[in-house]
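Chemist: Build the 3D model from these lines:
(2 chains)
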Protein chains: 2
Amino acid sequence: MGNVIWYIVCLLGVLCHQVCKAEDGSQLWLRYARVTTNEAALRKIHCPYHDAVASTAAVELQDYWRQGDVDLQLNKKWPKRQPDGYRIRSLGSKTVISAGNSTGLLYGAFHLLRLQQQGAALHGLDISEKPSYELRMLNHWDNLDGTVERGYAGHSLWKWEELPGVISPRYREYARANASIGINAVVLNNVNASPLILRGDYLEKVKTLADIFRPYGIRVFLSINFSAPALLGNLPDSDPLRPAVAGWWKDKADEIYRLIPDFGGFLVKANSEGQPGPQDYGRTHADGANMLAAALRPHRGLVLWRAFVYNPSAEDRAKQAYQEFVPLDGQFDDNVILQIKNGPIDFQPREPFNPLFGAMPRTSQMVEFQITQEYLGFSNHLVYLAPLFKETLDAQTYFRPEAGTVAGITQRGPHPISAIAGVANIGEDRNWCGHHFAQANWYAFGRLAWNTDLSSDSLAREWLSMTFSPDPTLVNPLSELMVKSREAVVNYMMPLGLHHIFAFEHHYGPQPWGDIPGGRPDWMPWYYHNADSLGIGFDRTATGSNAVAQYRSPLREQFGQIGSCPDQYLLWFHHVPWNHRMKNGRSLWDNLCYTYQLGVDQVRNFQREWDSLERKMDAQRFKEVQSKLKIQARDAVWWRDACLLYFQTFSKMPIPAALERPVHELDELKKIRLDLKHHN
Amino acid sequence: MGNVIWYIVCLLGVLCHQVCKAEDGSQLWLRYARVTTNEAALRKIHCPYHDAVASTAAVELQDYWRQGDVDLQLNKKWPKRQPDGYRIRSLGSKTVISAGNSTGLLYGAFHLLRLQQQGAALHGLDISEKPSYELRMLNHWDNLDGTVERGYAGHSLWKWEELPGVISPRYREYARANASIGINAVVLNNVNASPLILRGDYLEKVKTLADIFRPYGIRVFLSINFSAPALLGNLPDSDPLRPAVAGWWKDKADEIYRLIPDFGGFLVKANSEGQPGPQDYGRTHADGANMLAAALRPHRGLVLWRAFVYNPSAEDRAKQAYQEFVPLDGQFDDNVILQIKNGPIDFQPREPFNPLFGAMPRTSQMVEFQITQEYLGFSNHLVYLAPLFKETLDAQTYFRPEAGTVAGITQRGPHPISAIAGVANIGEDRNWCGHHFAQANWYAFGRLAWNTDLSSDSLAREWLSMTFSPDPTLVNPLSELMVKSREAVVNYMMPLGLHHIFAFEHHYGPQPWGDIPGGRPDWMPWYYHNADSLGIGFDRTATGSNAVAQYRSPLREQFGQIGSCPDQYLLWFHHVPWNHRMKNGRSLWDNLCYTYQLGVDQVRNFQREWDSLERKMDAQRFKEVQSKLKIQARDAVWWRDACLLYFQTFSKMPIPAALERPVHELDELKKIRLDLKHHN
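Modeler: Numbering: from 1, shown residues only, chains lettered A, B, ... in the order given. Presented below is the predicted three-dimensional model:
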């Protein structure tokens, strides 16, 4: 009888263990097993500091570190401009983490746990780390009604209606995940901002989140609505040069800092896509930004002013931000940073870098990436974005003899603070990001914000080791798959420099034929592809919009000549004849056809690779990713057929005989109307 | 001014020519250009006979022959058992067609025109032809309300509500097309017959059609409802042994023959799928058939009695027709022919031949093929059926030392008349058959009914030459494509002997999981595939239903042993373990996977081949077939995914790593409900 009970107890134990081990992706890359009491007794975590952040570091090690003693040490001689750096050294069997501040200790602790999780050798360590950017920031495009603009992982994490009374456990989990990859700043709300976020009751909610995030070294920022003084403060307008407006902002800043002493500052989308801004009153972006900067300066707060502005004018949309902002160089206060999207249009699968980078030497500039996959298949497509981030960061602007890359320009600007932002892909889905592999983009953004020199491949391996398994027979093929995945999506969506030929508004599927009579031309696919009987592409050379002139020599010459322009930007800068002979000897049309098919084949290969790894992981994540890859494979065929069949109505040329044929009718594809909104 | 008018006249002429040349498929394979008056003057068609059929032959040559004089000659010494045969000889520049009857002259005329259309050399001809079967018959499953059961080319050609007053020009076109390939008998109405067809007013309509068909050598038959005496004649029942019933049929036959002296006879579906029959009164099929035969005998009419009977009993459906009919051998009158479907189930993509063939040496037997693609993708899939027809006709039954094939058994039965039937694929669609290539199945059926020795390849070439162009750069690749197409559909639908796993009732897509609680087991896919954790397939050996014993040695031994059973019938006769090693060294499961993918690849290759021929044909037919091939390619992937994902839930084995992966979810596929009926 006793044996039977014992057997049942054991069975329950095993079952419980299995259930606990269920892999739903909710643990992200932090899949450490907690140490047992016995294991804990074998080593000592020594932390003589009692501030919140140092305590977090100590608790994290206490709970998960199993490899010998660890000492946490603050070093008062730490260089001032490397506040979050740290050093990890093995001293005999003991490991010492030293840093200039508690956040450095926290990052050191997570580094150590990351090594343990990857199965790395943990003796003889001597690692020194310092961040590439001081401000490593997520921008949430979350609305106060719980929707997320361009969010594909469910509704917002922030339960505004429950706050400040009810605290979701996910707030802390979110902060911990960010801290583990070095993210130290978050903008909580959408850049298309409701003024309500600045009302007293909402600030109480924001304060609650800030209090939860603080022990993880994370500061909170808010997107503001430039009309808030009028809308919220009952002022006659929100003219930045009206003293009462400036005063309202000063009072509001003081109110915020009373609640949140380490509040980060404001992110502003002004005079862009219908948002209010200083130009509504005949003022410049600098007037607007500096007015806010003045309100925040006493508290060491920052203004992150977005450069994403364009109007439906005769001017090429790609040129407008440059034309708007370059003349303002030198006019922004030193606690203003210009936040610039990586490319000159809008987060396309591929864009050349934004020519604003480097073109304003007296202005602090930062990159804004989009981690959420607005233009990259939402959370249905497996697209690893590190290669896209790296492509921009590593791009040479030629504005400086040294450190002239976008990374260099944004890391060593004229003012003390350097920053980088990524639009978050996080929602309330159990796996946070909708697609398990979308977690890798959150991860890679954070890690690259910490160190832009890391390679896409090494980050993929790191993430895979932690998130799935360090088994090289899994890590090798999957890291290769991940690194190829961004090029695959470019291939099946818009190769050779094509851009913005998505379905209107929701941006999910293809709609190169898209047109809305009376709609803004700069929101229409034909504006971008310009397909006609002669050829395809946007002439941005001197014979066209001459956007190429915004790039510094030798880029303007390289991009401007059809012979020297890289294939990947060809149709971005040139209107190219269908029969133009490209470098590989094939015509433009044939290359389009081959490249779309290549994209399809790549996704099919991803499926094959994934399926071959079934036994190397848990069933749930295997199945969920497998399902998403099926959608991606179908979508790739959809993209190929839609684009080739539509462009063929202009080229009148056959799809090369060796290639797989379309399986859709153009007319049927044109009828597809997806019931998708631009938020969920 | 005169020049301008001349120019306009010429332009109109050219335009008119273009419009006339528009290829909508309505001309079928009869795309002869009519001779001009000038051309006609250059040669003489000599026909001294003035009966309707001989006149048709003369007119056809008069209108279309352009190669010298032709003499039509009836030969009184022509062998009696070759009534429709003919001889074509070149005598100097003249061509002589001789025959035993006018129909022979007509067929000879069409033969000559066929040679001309194919661009053959037309001198030194000496061709002798005689038909394989005396009765070469189409069965229309057309209902009196204008729908067609299992019809995929629009509604019925027969406009019953307009007849006899209004005569569609298509009646004559239909007869001409049939005559051109040797078809000489048509059953006008569905085997699930309305009794109304025998009512006086309908017989007047039938007479009108018979009168139109007669000059083309075509006799009309009708499907009858066995309960007609009760339903139409107000008799208490339709018991075949009740003298009043026999009398009613005798009177009805007399009535019909007064209207239609060459009326062919009755086609009967009795005691099958709910149809009434002699068993309703405890009588046998022979009792029923012979009663009708007696009514028709004075008029030399025939009874075509269908052997397609089965009941939802414990007995294997595949065995039931044999069990029912073999004991009746010798009991059928000599103007009764047993009409037997090619396989023992129901027109599947592949079945072994029906074991009834040869098993009733004292009974006339005929084959019934299905030309309409009930189980072969409707009119969406390009499937050339000559290889399927040939597979049955050429099958060796081992019931006779010589002429033991199904063709031999049915051509040389115990009674004078031999016959073959095909269920028509013809509707009111402008191109007659829905799919341009479905015309080839009508064509090939007719030509094989004339001569079962013709090869699938030569028939494909003949049809292509006439229907598209004799250009060998078109005929060579397309004939190869056609000949492969039936194997392709087997591969992507149900390879290795799988059968009847179609969606319920409409039979279009896959539904191997199909089940209707309380429904007839013998209509459920699981009844046929028997998939379980051990394996898949229907055990029809001695350990199972032993249907294999209905085949004569050595077939029963060959089919009955898993090692000697041909792969193509493996799962028809055996329940085979998933890991069974097949002849190619691969497991059964792997072979299933490879074969489904092969089918998908084959269709993709058909698309590629087709697209490469765009410049060799008219735009309309090119585009229409291209569109259908797209559907076929999508459907092939649908079939592959549905079957492999469903069967995988039993096999628990992975799809081999080298293969393309499924792009659908099984759960999604199970939700597909097509709004298709079994008639249109």
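
Chemist: for stretch A:474-482, what is the average pLDDT?
Modeler: Taken as a whole, stretch A:474-482 has a mean pLDDT of 98.

Chemist: Next: stretch A:398-411.
Modeler: 95.

Chemist: ok, now stretch A:632-645?
Modeler: The pLDDT scores in stretch A:632-645 average 98.

Chemist: and the gap between the residue nearest the centre of chain A and chain B?
Modeler: Centroid-nearest residue in chain A, with CA atoms, centre = their mean: residue A:371, separated by 2.7 Å. The gap separating residue A:371 from chain B is 27 Å, by CB to the nearest CB, to the nearest Å. Quick note: C-beta positions are derived from backbone N, CA and C, even for glycine.

Chemist: my guess is that residue contacts residue A:443, does it?
Modeler: No. Residue A:371 lies out of contact with residue A:443 (CB atoms under 8 Å); the separation is 9.8 Å.

Chemist: How about the contacts made by the residue nearest to the centre of chain A?
Modeler: If you count contacts by CB atoms under 8 Å, 6 or more residues apart in numbering or on different chains, residue A:371 has them with A:138, A:385, A:422, A:423, A:424, A:425, A:441, A:442, A:445.

Chemist: The longest helix belonging to chain A - contacts with which helices or strands?
Modeler: Taking DSSP state H as the criterion, chain A has its longest helix at helix A:619-651. With contacts taken as 3 or more CB pairs under 8 Å, 6 or more residues apart in numbering or on different chains; DSSP states H and E, helix A:619-651 sits against helix A:472-493, strand A:535-536, helix A:588-612, helix A:666-671.

Chemist: distance of the residue nearest to residue A:655 when sequence neighbours are not counted from residue A:491?
Modeler: Nearest non-adjacent residue to residue A:655, counting by CB to CB, 6 or more residues apart in numbering or on different chains: residue A:593, 5.0 Å away. According to CB to CB, to the nearest Å, residue A:593 stands 11 Å off from residue A:491.

Chemist: now swap in residue A:591 and tell me
Modeler: Distance, residue A:591 to residue A:491, by CB to CB: 11 Å.

Chemist: shared neighbours, those two?
Modeler: Counting by CB under 8 Å, 6+ apart, residue A:591 and residue A:491 have no common neighbour.

Chemist: Give me the mean pLDDT for stretch A:663-679.
Modeler: 92.

Chemist: now what about it, what contacts it?
Modeler: For stretch A:663-679, using CB under 8 Å, 6+ apart, the contacting residues are A:141, A:143, A:147-151, A:503, A:505-510, A:513, A:637-638, A:641-642, A:645-646, A:649, B:607, B:627, B:630, B:633-634.

Chemist: pLDDT below threshold where in chain A?
Modeler: For chain A, the stretches with pLDDT under 70 are A:1-22, A:680.

Chemist: Map the structural domains onto the sequence of it.
Modeler: A:37-129, A:135-468, A:491-538+A:575-670 (the TED database).

Chemist: Now render those as TSV, adding distance to residue B:658.
Modeler: TSV is the format used below for the domains of chain A (distance: least, CB to CB, whole Å):
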stretch	distance to residue B:658
domain A:37-129	31
domain A:135-468	21
domain A:491-538+A:575-670	8
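
Chemist: deepest of the ones you listed, which one?
Modeler: domain A:135-468 (a mean of 21; mean count of other CB atoms under 10 Å in any protein chain shown).

Chemist: How far off centre is that domain?
Modeler: 10 Å (CA atoms, centre = their mean, to the nearest Å).

Chemist: Likewise for stretch A:483-502?
Modeler: The answer for stretch A:483-502 is 18 Å, by CA atoms, centre = their mean.

Chemist: Can I get that stretch as CSV, trimmed to CA atoms?
Modeler: Extracted in CSV, the C-alpha atoms of stretch A:483-502 (Å, rounded to 0.1, in the frame of the first residue of the first chain):
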residue,chain,number,x,y,z
VAL,A,483,20.4,35.0,-40.7
LYS,A,484,19.0,34.2,-44.1
SER,A,485,15.4,35.0,-43.2
ARG,A,486,15.5,38.8,-43.7
GLU,A,487,16.9,38.4,-47.2
ALA,A,488,14.2,35.8,-47.9
VAL,A,489,11.4,38.2,-47.0
VAL,A,490,13.0,40.9,-49.2
ASN,A,491,13.1,38.4,-52.0
TYR,A,492,9.5,37.3,-51.9
MET,A,493,8.1,40.7,-51.0
MET,A,494,10.0,43.5,-52.7
PRO,A,495,13.4,42.7,-54.1
LEU,A,496,15.9,44.9,-56.0
GLY,A,497,14.9,48.1,-54.2
LEU,A,498,11.1,47.8,-54.6
HIS,A,499,9.3,49.3,-51.6
HIS,A,500,5.9,50.2,-50.2
ILE,A,501,3.8,48.1,-52.5
PHE,A,502,1.8,46.7,-49.6
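
Chemist: Quick one: the helices in the stretch 151-300 of chain A, in order.
Modeler: For the stretch 151-300 of chain A, helices defined by DSSP state H, counting those that start in this stretch occupy the ranges A:169-180, A:200-213, A:228-233, A:243-259, A:285-296.

Chemist: okay, the angle between the last one and helix A:243-259?
Modeler: When axes from the mean of the first three to the mean of the last three CA atoms, to 10 degrees is applied, the directions of helix A:285-296 and helix A:243-259 differ by 40 degrees.

Chemist: Give me the contact list for helix A:285-296.
Modeler: Under the contact criterion CB under 8 Å, 6+ apart, helix A:285-296 has outside partners A:224, A:226, A:240-241, A:245-246, A:249-250, A:252-253, A:265-266, A:268, A:270-271, A:277-279, A:301-303, A:305, A:309, A:324-325, A:328, A:331-333, A:335-336.

Chemist: Just those: which are in strands?
Modeler: Secondary structure assignment by DSSP state E places A:224, A:265, A:266, A:268, A:302, A:303, A:305, A:336 of the contacts of helix A:285-296 in strands.

Chemist: got CSV for these, with distance to residue B:533 too?
Modeler: Listed next are the ones in strands among the contacts of helix A:285-296 as CSV, based on distance: CB to CB, whole Å:
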residue, distance to residue B:533
A:224, 63
A:265, 63
A:266, 63
A:268, 63
A:302, 64
A:303, 66
A:305, 65
A:336, 68
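
Chemist: tell me which parts of chain A are close to chain B?
Modeler: A:604, A:607-608, A:610-612, A:614, A:627, A:629-630, A:633-634, A:654-655, A:657-665 (CB under 8 Å from any CB of the partner chain).

Chemist: now the helices of the stretch 151-300 of chain A as a markdown table including distance to residue B:436?
Modeler: Putting the helices of the stretch 151-300 of chain A into a markdown table (distance: least, CB to CB, whole Å) gives the following:
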| stretch | distance to residue B:436 |
| --- | --- |
| helix A:169-180 | 60 |
| helix A:200-213 | 67 |
| helix A:228-233 | 66 |
| helix A:243-259 | 73 |
| helix A:285-296 | 64 |
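
Chemist: Please identify which of those is closest to residue B:177.
Modeler: helix A:169-180 (72.3 Å; CB to CB).

Chemist: C-alpha coordinates for the closest one, PDB please?
Modeler: Coordinates of the C-alpha atoms in helix A:169-180 are reproduced here as PDB (Å, rounded to 0.1, in the frame of the first residue of the first chain):
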ATOM      1  CA  PRO A 169       2.900  40.000 -12.700                       C
ATOM      2  CA  ARG A 170       3.900  40.600 -16.300                       C
ATOM      3  CA  TYR A 171       5.100  44.100 -15.600                       C
ATOM      4  CA  ARG A 172       8.000  42.800 -13.500                       C
ATOM      5  CA  GLU A 173       8.600  39.900 -16.000                       C
ATOM      6  CA  TYR A 174       8.800  42.500 -18.800                       C
ATOM      7  CA  ALA A 175      11.300  44.600 -16.800                       C
ATOM      8  CA  ARG A 176      13.400  41.600 -16.000                       C
ATOM      9  CA  ALA A 177      13.500  40.500 -19.600                       C
ATOM     10  CA  ASN A 178      14.600  44.000 -20.700                       C
ATOM     11  CA  ALA A 179      17.200  44.300 -18.000                       C
ATOM     12  CA  SER A 180      18.600  40.900 -19.100                       C
END
